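Novice: no FASTA, just this:
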């Protein structure tokens with residue numbers, strides 16, 4: 001469980017760093033929606 005929490009925290013930090021450099025909010029929203037869909041497909045669909 002600790003490895004999973006560390007993995008999640010690492011990718012949250014990567015996402016925050018990406019949003020720090022990305023100034024366009026519309027592109028940021030598209031990236032967030034795309035990654036949410038990918039994450040949903042990986043974890044809830046077989």
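Specialist: Arrived safely, thanks for sending. Note that the structure is a prediction, hence the values are computed from the model and not measured.
Novice: which residues of the protein score low on pLDDT?
Specialist: The chain contains residues with pLDDT under 70 at 46.
Novice: Could I get the full set of helices for it?
Specialist: 2-21, 25-44 (DSSP state H).
Novice: Just the angle for the last one relative to helix 2-21, thanks.
Specialist: Between the axis of helix 25-44 and that of helix 2-21 there is an angle of 160 degrees, by axes from the mean of the first three to the mean of the last three Cα atoms, to 10 degrees.
Novice: what helices or strands is helix 25-44 leaning on?
Specialist: helix 2-21 (3 or more Cβ pairs under 8 Å, 6 or more residues apart in numbering; DSSP states H and E). Glycine gets a C-beta too; all of them are placed from N, C-alpha and C.
Novice: contacts for the helix it packs on?
Specialist: 28, 31, 35 (Cβ atoms under 8 Å, 6 or more residues apart in numbering).
Novice: got the contact list for the last one?
Specialist: The contact partners of residue 35, by Cβ under 8 Å, 6+ apart, come to residue 15.
Novice: how close does it get to residue 8?
Specialist: According to Cβ to Cβ, to the nearest Å, residue 35 and residue 8 sit 13 Å apart.
Novice: Likewise for residue 37?
Specialist: Applying Cβ to Cβ, the value for residue 37 to residue 8 is 18 Å.
Novice: now residue 30
Specialist: 22 Å.
Novice: can you check residue 19 too?
Specialist: In terms of Cβ to Cβ, residue 19 sits 16 Å off from residue 8.
Novice: the more surrounded of the two?
Specialist: Comparing residue 19 with residue 8 by other Cβ atoms under 10 Å, the one with more neighbours is residue 19, at 13 against 10.
Novice: Residue 16 - how many residues pack around it?
Specialist: The local packing of residue 16 (other Cβ under 10 Å) involves 9 other residues.
Novice: now swap in the one 5 residues further on and tell me
Specialist: Applying other Cβ under 10 Å, we find 6 residues neighbouring residue 21.
Novice: Likewise for residue 14?
Specialist: Neighbours of residue 14 (other Cβ under 10 Å): 10.
Novice: can you check residue 17 too?
Specialist: The number of residues near residue 17, taken as other Cβ under 10 Å, comes to 10.
Novice: related to what we said a few turns ago, could you dump the contacts of helix 2-21 to JSON lines with distance to residue 1?
Specialist: What follows is the contacts of helix 2-21, written out as JSON lines (distance: Cβ to Cβ, whole Å):
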{"residue": "28", "distance to residue 1": "30"}
{"residue": "31", "distance to residue 1": "28"}
{"residue": "35", "distance to residue 1": "23"}
